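S.K.: only geometry, no sequence info:
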């Protein structure tokens, strides 16, 4: 088995396409007005409109109502990313770059729908070994 994708349901696909393209610097492929994907080497972030829920039987997810999941992106330098995105993240930063007890330097912020996003860089020898497998 291989975990390949996470999908965010939103009422505004274009807003999230723009945001994730901006923060990652990567292209987001828009397939329809209701569905887009940000493909990274490790996993794909899918962005689907609330209209796509009808294909799964209706009211199975609520946009902008996530209180448990954090989308995590490994980046080369958390502090540099924070500086690059400071204007965009000014009002949505939850935690400025901080070294966590498990060895990652972490920046936590919210996307336009309120979903938590973590940019992290392994900084201790153990954390670096874990992610450089």
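M.R.: Done, it's in. Since we're looking at a predicted model, the values are computed, not measured.
S.K.: I'd like to know how far the residue of the chain positioned farthest from its centre sits from residue 64.
M.R.: The centre of the chain is farthest from one residue, residue 57, which by C-alpha atoms, centre = their mean lies 25.9 Å away. Look at residue 57 and residue 64: by C-beta to C-beta, to the nearest Å, they are 20 Å apart. Using the backbone N, CA and C atoms, a C-beta is placed for each residue, glycine as well.
S.K.: same question, residue 121
M.R.: Residue 121 sits 28 Å away from residue 64, going by C-beta to C-beta.
S.K.: Residue 29 too?
M.R.: Using C-beta to C-beta, residue 29 is found at 23 Å from residue 64.
S.K.: same deal with residue 90?
M.R.: According to C-beta to C-beta, residue 90 and residue 64 sit 20 Å apart.
S.K.: okay, those two: which has more neighbours?
M.R.: Using other C-beta atoms under 10 Å as the criterion, residue 90 and residue 64 rank with residue 64 on top: 14 against 9.
S.K.: That one belongs to a strand, doesn't it?
M.R.: No: counting by DSSP: H, G, I helix; E, B strand; the rest coil, residue 64 falls outside a strand, being coil.
S.K.: which ones are touching it?
M.R.: Each residue near residue 64 by C-beta atoms under 8 Å, 6 or more residues apart in numbering is listed here: 10, 11, 113, 114, 115.
S.K.: Max pairwise distance over those: which two?
M.R.: Greatest spacing in these, by C-beta to C-beta: 11 and 115 (12.9 Å).
S.K.: ok, what's across the strand from the spatially most central residue of the chain?
M.R.: Central residue of the chain (C-alpha atoms, centre = their mean): residue 71, 4.2 Å from the mean position. With DSSP bridges as the criterion, residue 71 is bridged to residue 117.
S.K.: Would you confirm that it contacts residue 47?
M.R.: No: assessed by C-beta atoms under 8 Å, residue 71 is found out of contact with residue 47, at 11.1 Å.
S.K.: If anything else comes up later, I'll come back, but that's it for now.
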